[in-house]
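Novice: Whatever this is, show me its structure:
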Amino acid sequence: MPPPKHPMAHSIPGHALTRLAREWLAEDTPNFDPAGVCVGSQEVEARLLCKTPHSILAGSPFFTAVFTEVGCTVDWIHQEGADIGPDAVTLTAVVRGPARCLLLGERPALNCLARASGIATRCSQLRVTAKAAGWQGEVAGTRKTTPGFRLVEKYAMLVGGASMHRQDLSGMVMLKDNHVWASGSITEAVKAARSVCGFSSKIEVECRSADEAREAAAAGADIIMLDNFQPEELHVAARTLKQEFPALLIEASGGVSPENLSTYLSPHVDVVSLGCITQGCPVVDFSLKVQKPAAS
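Specialist: Numbering: from 1, shown residues only. This is a model prediction of the structure:
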């Protein structure tokens, strides 16, 4: 059956799911599958088990797409975005199809589901921290994603309740220190970027001091990233900038972790971005167990 429809699942084009599934399968089985000889094509059933309690399920559209490519079906027991629960082992879905085909799809599908669910779980935990602090801003990811796997990881952020930040370099403009040094000044960098992106894209500037932030705002930046500020310094700078430029968005980034997130939150900070949403994020432990045929 089709994967459970979390609202975010509608954002993934069908051709993207098919393309990724085929790429992952081709990577994992580039030519012969000798083990397929052992199992043949008899119809089997396999149970998807989650062995990490209180995980957020994410990635079911990708998981299903892999098995669709190899001629198998997936029946989901838990919905996309759901907290799978407290049990040590939880039955999450049932996969059916020819044995050799099911085992062809097993590892690519599990890799995707484990990674996506780990990211969604971390994002959900970060949103709980932000909500407990009464903060109304956005917890966001970064472009620190796995090459070739960005769509999955960005999608998982959305399922977990976080913002993707920008999808890629063609999205929102972000001017970092290297852009500024190469162009000569923050003002010149903002001016040059605006000549290309026009009115349709926001411009964000990474700033290492309040003076740099003020220059960027005066030059017409829409968003200021206060990078690697200590929390006390961050809150003073953010409050001052908001007083001078009320429409400015303030992002805090650098050095933020799940453990210290709450110290970066204030009414003057609109976005907090964390690279640890994707880098070093634990995966969720899933396994797929083929059931033994019933005795004759």
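Novice: For the rest of this, base every contact and every neighbour count on C-alpha atoms.
Specialist: Will do.
Novice: Report all helices and strands that the lowest-mean-pLDDT helix or strand in the chain contacts.
Specialist: Ranked by mean pLDDT, DSSP states H and E, the weakest helix or strand in the chain is helix 36-39, scoring a mean of 86. If contacts are counted by 3 or more CA pairs under 8 Å, 6 or more residues apart in numbering; DSSP states H and E, helix 36-39 sits against helix 99-132.
Novice: gap between the helix it packs on and the chain center?
Specialist: 10 Å (CA atoms, centre = their mean, to the nearest Å).
Novice: Any buried residues in that helix, and which?
Specialist: Neighbour-count burial for helix 99-132, counted by 16 or more other CA atoms under 10 Å, picks out 99-127, 129-130.
Novice: who does it touch, helix- and strand-wise?
Specialist: Helix 99-132 packs on helix 14-28, helix 36-39, helix 60-69, strand 138-140, helix 150-159, strand 286-290, going by 3+ CA pairs under 8 Å, 6+ apart.
Novice: Now do stretch 279-288, average pLDDT.
Specialist: Mean pLDDT, computed over stretch 279-288, is 96.
Novice: Confirm that D75 lies within a strand, as I assumed.
Specialist: Yes - assignment of D75 by DSSP: H, G, I helix; E, B strand; the rest coil places it within a strand.
Novice: Let me know how buried it is, in neighbour terms.
Specialist: 17 (other CA atoms under 10 Å).
Novice: re the thing from before, could you redo the helices and strands packed on helix 99-132 as JSON lines and give each row mean neighbour count and distance to E251?
Specialist: Converted to JSON lines, the helices and strands packed on helix 99-132 look like this (neighbours: other CA atoms under 10 Å; distance: least, CA to CA, whole Å):
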{"stretch": "helix 14-28", "mean neighbour count": "15", "distance to E251": "31"}
{"stretch": "helix 36-39", "mean neighbour count": "12", "distance to E251": "51"}
{"stretch": "helix 60-69", "mean neighbour count": "24", "distance to E251": "31"}
{"stretch": "strand 138-140", "mean neighbour count": "23", "distance to E251": "9"}
{"stretch": "helix 150-159", "mean neighbour count": "24", "distance to E251": "18"}
{"stretch": "strand 286-290", "mean neighbour count": "18", "distance to E251": "35"}
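Novice: Figure out which of those is closest to R214.
Specialist: For R214, the closest of those is strand 138-140, at 22.3 Å, according to CA to CA.
Novice: before we move on, the earlier item: per-stretch mean pLDDT over the helices and strands packed on helix 99-132, give me the minimum one.
Specialist: Across the helices and strands packed on helix 99-132, helix 36-39 gives the lowest mean pLDDT, at a mean of 86.
Novice: what's the following helix or strand after it?
Specialist: Moving toward the C-terminus from helix 36-39, the next helix or strand (DSSP states H and E) is strand 43-50.
Novice: packing partners for that next one?
Specialist: By 3+ CA pairs under 8 Å, 6+ apart, strand 43-50 packs against strand 90-98, strand 286-290.
Novice: nearest to K191, of those strands?
Specialist: strand 286-290 (49.3 Å).
Novice: any idea how far the closest one is from the chain center?
Specialist: 24 Å.
Novice: Who does it pair with, and is each partner parallel or antiparallel?
Specialist: strand 43-50 (antiparallel) (DSSP bridges).
Novice: Tell me the buried residues in the partner strand?
Specialist: 44-50.
Novice: Next: stretch 255-270.
Specialist: 255-257, 261-262, 264-266, 268-270.
Novice: Pick out the most distant pair among these.
Specialist: S257 and H268 (19.2 Å).
Novice: V159 is in contact with M8, isn't it?
Specialist: Yes - contact criterion CA atoms under 8 Å: V159 and M8 qualify, at 6.6 Å.
Novice: Identify the residues contacting the least confident helix or strand of the chain?
Specialist: 99-100, 103 (CA atoms under 8 Å, 6 or more residues apart in numbering).
Novice: again, 6 Å this time
Specialist: R100 (CA atoms under 6 Å, 6 or more residues apart in numbering).
Novice: same deal with stretch 106-113?
Specialist: Contacts for stretch 106-113 (CA under 6 Å, 6+ apart): 59, 63, 66.
Novice: CA atoms of it as PDB?
Specialist: The C-alpha trace of stretch 106-113 is given here as PDB (Å, rounded to 0.1, in the frame of the first residue of the first chain):
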ATOM      1  CA  GLU A 106      16.600  -4.300   2.500                       C
ATOM      2  CA  ARG A 107      19.800  -2.400   3.200                       C
ATOM      3  CA  PRO A 108      19.200   0.700   1.000                       C
ATOM      4  CA  ALA A 109      15.700   1.100   2.500                       C
ATOM      5  CA  LEU A 110      16.900   0.500   6.100                       C
ATOM      6  CA  ASN A 111      19.800   2.900   5.700                       C
ATOM      7  CA  CYS A 112      17.400   5.700   4.600                       C
ATOM      8  CA  LEU A 113      14.800   5.100   7.300                       C
END
